[in-house]
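[1] Here you go, sequence then predicted model.
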Amino acid sequence: MDIIVGYISPIPYLNVSDNIEEDNIQDFIEAISNELVSYKSINEKFKKDNGVTFAKSNLANGQGAYELRGEDGNKFVAGSTLCLNLQHIDKIPAFYNPPLARGEDTFFSMNLENSKVIKVPVYHFHDGFLKYKKIMEGDYPEKFKLIKANDKNVEKRFFKACQGWIKYKPLLIYILNREDYDYQIRKIKVKLKRSIRRIDHLFDQSNFENLVKQLDEYDSKVEEHYNDFIRMNKIWDNLKKSMA
């Protein structure tokens, strides 16, 4: 039996229509995507399971814990399911995100190189769109809905998430691939500008075209945010030493 984990991300189903093609959707998702969410993962789940993620029962029963070695040397963790071993506080880095951005767990992950990270299969239901508010009271739905973009509350949630992602994307790229940063950020800007007008036509309340300006702004401040990131970790390291 599969166990429902929830919606992978606050990204609604974007329907291909006369006003938008699949290439536009792919460009947009790739522009706002992060270390845990990709166009491929989103697209597969929408086509197969209405965007819902499932956990295998053997994992949900506690089998399959393993040490996360890190693909490409990185050990990305998600803050919502994170447990910290306070017996080894010296191995715990600082949380940081650029102003008004998301990504504090991402930048926490950047300094886990010398920390032991154990991935334990413990799941929680992620209701990124607040569609199942009574689930904790035992009111379980028979079917999980396809979350559509024309829902006003969904649009508001999605727009806020997009702003948070686009604001931390430059720093993410800068830390992961500083030598190739200019090329990578130009590619993202091309994808965003190529798709944003069509994406904006899908929504009534929010001005998605503002994401282009926000990406430009945070690109221009990426070195400032990187220096803040380094400074924050130095302050945290000094605090840890004082506690020890």
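    Cool, got the structure. Predicted model only: the values in this text are computed from it and were never measured. Numbers count the residues shown, from 1 in each chain.

[2] alpha carbons only for contacts and neighbour counts from here, please
    Will do.

[3] Could you tell me how far stretch 122-130 lies from the centre of the chain?
    Here the centre of stretch 122-130 is set off from its chain's centre by 14 Å, with Cα atoms, centre = their mean, to the nearest Å.

[4] Okay, buried residues for it please.
    With burial defined by 16 or more other Cα atoms under 10 Å, the residues of stretch 122-130 counted as buried are 123, 126-129.

[5] Next, the buried residues of stretch 26-35.
    Those would be 26-34, for stretch 26-35 by 16+ other Cα under 10 Å.

[6] got any ranges where the protein has weak pLDDT?
    1-8, 18, 49-50, 57-63, 70-73 (pLDDT under 70).

[7] Residue 55: which element?
    strand 52-56 (DSSP states H and E).

[8] what about residue 95, distance to residue 112?
    Taking Cα to Cα, to the nearest Å as the measure, residue 95 and residue 112 are separated by 12 Å.

[9] Can you list the buried residues in the host helix or strand of residue 241?
    Here residue 241 is covered by helix 222-243, with elements defined by DSSP H and E. Neighbour-count burial for helix 222-243, with 16+ other Cα under 10 Å as criterion, is recorded at 222, 225-226, 229, 233, 236-237.

[10] Helices of this structure, start to end?
    In order along the chain, the chain carries the following helices (DSSP state H): 22-32, 39-49, 57-60, 104-109, 152-176, 181-200, 210-220, 222-243.

[11] Going by contacts, tell me the helices and strands next to the fifth one.
    With contacts taken as 3 or more Cα pairs under 8 Å, 6 or more residues apart in numbering; DSSP states H and E, helix 152-176 sits against helix 22-32, helix 181-200, helix 210-220, helix 222-243.

[12] Tabulate these (JSON lines), appending distance to residue 133.
    JSON lines is the format used below for the helices and strands packed on helix 152-176 (distance: least, Cα to Cα, whole Å):
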{"stretch": "helix 22-32", "distance to residue 133": "27"}
{"stretch": "helix 181-200", "distance to residue 133": "28"}
{"stretch": "helix 210-220", "distance to residue 133": "30"}
{"stretch": "helix 222-243", "distance to residue 133": "36"}
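
[13] The ones you listed: which one's closest to residue 65?
    Each of those has some distance to residue 65 by Cα to Cα; the shortest is helix 222-243, at 28.6 Å.

[14] what packs against that closest one?
    Other elements packing on helix 222-243 under the criterion 3+ Cα pairs under 8 Å, 6+ apart are helix 152-176.

[15] I'd like to know how far the residue lying closest to residue 27 once chain neighbours are set aside sits from residue 216.
    Beyond its immediate neighbours in the sequence, the residue positioned closest to residue 27 (Cα to Cα, 6 or more residues apart in numbering) is residue 191, lying 4.9 Å away. Residue 191 sits 13 Å away from residue 216, going by Cα to Cα.

[16] Neighbour count for these two, which is higher?
    residue 191 (21 against 16; other Cα atoms under 10 Å).
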